[in-house]
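> Below is the sequence, then the predicted model.
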Amino acid sequence: MTTTDRERISGESGDPDKKVYESVSRVRSRIEELEKDAELLEEHHPELFKELKKSVCEESE
């Protein structure tokens with residue numbers, strides 16, 4: 001996410017709801033792209049896929 005998206009989604013920016021919605025929509029699009037990227041990595045570069053999965057899926061302590 002961009003810094004602006006983080007601020008809007010967390011409520012720190014004080015932006016109107018329309019701007020928050022735009023950030024949420026933009027992040028959703030990025031998640032969809034990430035899903036496609038993960039599938040490609042899993043098939044063509046399993047080690048990078050494992051790194052991505054570990055980074056995204058494992059709980060931090």
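Structure received.
> other SSEs contacting the helix or strand hosting residue 52?
Using DSSP states H and E, residue 52 falls within helix 46-57. The contact analysis (3 or more C-beta pairs under 8 Å, 6 or more residues apart in numbering; DSSP states H and E) places helix 46-57 against helix 17-44. Placement of C-beta: from N, CA and C, glycine included.
> rewinding a little: what residues does the helix holding residue 52 touch?
Helix 46-57 is contacted by residues 37-38, 41-42 when judged by C-beta atoms under 8 Å, 6 or more residues apart in numbering.
> Recalculate using a threshold of 6 Å.
For helix 46-57, the external contacting residues (C-beta atoms under 6 Å, 6 or more residues apart in numbering) are 41-42.
> buried residues in it?
49, 52 (16 or more other C-beta atoms under 10 Å).
> could you give the angle of that helix to helix 17-44?
Between the axes of helix 46-57 and helix 17-44, defined by axes from the mean of the first three to the mean of the last three C-alpha atoms, to 10 degrees, the angle is 150 degrees.
> which residue packs closest to residue 5, ignoring adjacent ones?
Spatial nearest neighbour of residue 5, excluding adjacent residues (C-beta to C-beta, 6 or more residues apart in numbering): residue 23 at 4.2 Å.
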